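Undergrad: Okay, predicted coordinates and the sequence, questions at the end:
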Amino acid sequence: MKQRLKLGKISGIPLYVHWTFPLLILYFVYDGLNRGMDAVGLLWLVGFILTIFFCVVLHELGHSLSARWYGIDTEDITLLPIGGVARLKSMPRQPWREIVVAVMGPMVNVAIAAGLFVYFWLSSRSVFHGIPEAAEELVINGSNFLSWLFITNVGLVIFNCIPAFPMDGGRVLRGLLGLRFKRVTATKVASILGRICAIGFAVLSFLPGQSPFLLLIAIFIYFTASQEYQSVRTEEALREKTVRDAMRTQFTMIPIETNLDNVVPYVTTTAEQGFLVVESTEYGTDLKGGITRPRIVKAIKRHKGQENFFEKYLSRRSKVKGFFMHELMNDKVRYLTPDMPLPMVYQEMMQLGIPVMPVRENNELVGVLDYYQVREFVKLNS
């Protein structure tokens, strides 16, 4: 994730806050001002929001530390306006382990709520002390702070137990379904339920009196549920596969001095999605990088548009400088070997931003692997 501010580390896990998080604070401050809150009331409100997100951090730590117990590390935890996200390096493949990791998040909120309930019981105080009946009179102060904290943690438990992705209940559901069905099938069911929930939340967000954040939550749930299914589908299709299974042994190399006027035949006479860019030297041919068909096509369209602009509005004699391969190509070169694990290579493609990679064996170029090949491979094997 980009555009984040690092807050530090907790249990060795980097903790970040997304740049949009302050917007949540500003929204509630604005809402409080409209309801006539004074400075003290606003301070209580902001303090309450920050306390809730501290509970969210503890929730994500519940997932992270339980995953660590099974040997799975956490990349980081990021706070967003709609909650927190713990990026585990992987999810346990064993269904019961996934259930444990998923459950430990809400159990943190259960523990917080239980601790507050015990406090209320020992102090002979009502759980709902200081809570107004009408929502218009909502205020946070010293007398009802803990009551609202209790109610919110109970709400977090209920919300996260919804059996749909990306909520923890959806992961529990996938774990239970995984005891009998394939992982892809279990994920598909939980993902569909997640998207149905998202549509329901989106509809509710347009009802009178509903917060606009409900729509943001709906959008987040919908796309995260879809992304989870595609991620698992890809993971299962590439599992135990190597570069040799997906690489292309017949490939085209484009000279680095080629411009857009001369590159068209390379695009029209082949169905390749990725090309190697090379430079001829007195010692042979040097690999300089790679380029994809979509990037070439986009550059051609832009080039044509510029030509038409100059011809129409400036001068028919004006010429536009053509784009050359060295201006368009990705100059990062990552050599592969045929026996490298395909899942690892695909992950590197996305992380390093290298869509075309040459395959070398015994110091000879034997093939090419590009991002689009892998996507097609996934479609054919899932």
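TA: Looks like it came in fine.
Undergrad: tell me the secondary structure for the residue nearest to residue 196 when sequence neighbours are not counted?
TA: Nearest non-adjacent residue to residue 196, counting by Cβ to Cβ, 6 or more residues apart in numbering: residue 164, 7.1 Å away. Glycine gets a C-beta too; all of them are placed from N, C-alpha and C. Three-state call for residue 164 (DSSP: H, G, I helix; E, B strand; the rest coil): coil.
Undergrad: Let me see the backbone angles for residue 164.
TA: phi -150, psi 150 (degrees, to the nearest 10).
Undergrad: what does residue 35 give?
TA: Per degrees, to the nearest 10, the backbone of residue 35 is at phi -90, psi 10.
Undergrad: do the one 5 residues further on as well
TA: Backbone torsions for residue 40, taken as degrees, to the nearest 10, come to phi -60, psi -40.
Undergrad: give the contact list for the residue nearest to residue 196.
TA: 170, 173, 190, 193-194, 196-197, 221, 225 (Cβ atoms under 8 Å, 6 or more residues apart in numbering).
Undergrad: What is the most widely separated pair among those?
TA: Farthest apart among the contacts of residue 164 by Cβ to Cβ are 173 and 221. That separation is 14.4 Å.
Undergrad: Tell me which of the two has more neighbours.
TA: When residue 173 and residue 221 are compared for neighbours, residue 221 comes out ahead with 26 against 23, by other Cβ atoms under 10 Å.
Undergrad: re earlier: out of the contacts of residue 164, which one sits closest to residue 205?
TA: Of those, the one sitting nearest to residue 205 (Cβ to Cβ) turns out to be residue 221, at 11.8 Å.
Undergrad: Enumerate the beta-bridge partners assigned to the nearest residue to residue 256 once chain neighbours are set aside.
TA: Nearest non-adjacent residue to residue 256, counting by Cβ to Cβ, 6+ apart: residue 279, 4.5 Å away. Beta bridges link residue 279 to residue 286, judged by DSSP bridges.
Undergrad: Test my guess that residue 279 contacts residue 253.
TA: No - Residue 279 lies out of contact with residue 253 (Cβ atoms under 8 Å); the separation is 10.0 Å.
Undergrad: any shared contact partners between the two?
TA: With Cβ under 8 Å, 6+ apart, residue 279 and residue 253 have common neighbours residue 285.
Undergrad: where's the residue nearest to residue 256 relative to residue 229, distance?
TA: 43 Å (Cβ to Cβ, to the nearest Å).
Undergrad: any low-confidence regions in the stretch 101-250 of the chain?
TA: Scanning the stretch 101-250 of the chain for pLDDT under 70 picks out 132-138.
Undergrad: Let me see the ranges of the strands in the stretch 101-250 of the chain.
TA: For the stretch 101-250 of the chain, applying DSSP state E, counting those that start in this stretch gives no strands.
Undergrad: same check, this time on the stretch 251-382 of the chain
TA: Shown for the stretch 251-382 of the chain, the strands assigned by DSSP E, counting those that start in this stretch span residues 253-255, 274-281, 284-292, 356-361, 364-370.
Undergrad: Any chance of CSV for the ones you listed, columns mean pLDDT and distance to residue 70?
TA: Shown next, in CSV, are those (pLDDT from 0 to 100; distance: least, Cβ to Cβ, whole Å):
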stretch, mean pLDDT, distance to residue 70
strand 253-255, 87, 46
strand 274-281, 85, 37
strand 284-292, 82, 38
strand 356-361, 90, 32
strand 364-370, 90, 32
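Undergrad: Tabulate these (JSON lines), appending distance to residue 79.
TA: Converted to JSON lines, these look like this (distance: least, Cβ to Cβ, whole Å):
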{"stretch": "strand 253-255", "distance to residue 79": "45"}
{"stretch": "strand 274-281", "distance to residue 79": "38"}
{"stretch": "strand 284-292", "distance to residue 79": "35"}
{"stretch": "strand 356-361", "distance to residue 79": "35"}
{"stretch": "strand 364-370", "distance to residue 79": "36"}
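Undergrad: got the residue ranges for the helices in the stretch 51-200 of the chain?
TA: 95-122, 145-160, 168-178, 183-205 (DSSP state H, counting those that start in this stretch).
Undergrad: Can you pull the domain assignment for the protein?
TA: The chain breaks down by automatic domain parsing into domains covering 4-238, 243-380.
Undergrad: Just confirm residue 47 is within a helix.
TA: Yes - using three-state DSSP, the assignment for residue 47 is a helix.
Undergrad: Quick check, pLDDT for it.
TA: Confidence at residue 47, expressed as pLDDT, is 91.
Undergrad: can you pull the contacts of it?
TA: 140, 145.
Undergrad: Please report how far it lies from residue 153.
TA: Separation of residue 47 from residue 153 (Cβ to Cβ) stands at 16 Å.
Undergrad: Could you do residue 91 as well?
TA: From residue 91 to residue 153 the distance is 25 Å (Cβ to Cβ).
Undergrad: Who has more neighbours out of those two?
TA: Between residue 91 and residue 153, residue 153 has the larger neighbour count (other Cβ under 10 Å), namely 24 against 21.
Undergrad: was I right about the more buried one contacting residue 114?
TA: No - look at residue 153 against residue 114 with Cβ under 8 Å: they stay out of range, at 9.2 Å.
Undergrad: which residues sit in contact with residue 172?
TA: 99, 102-103, 161, 163.
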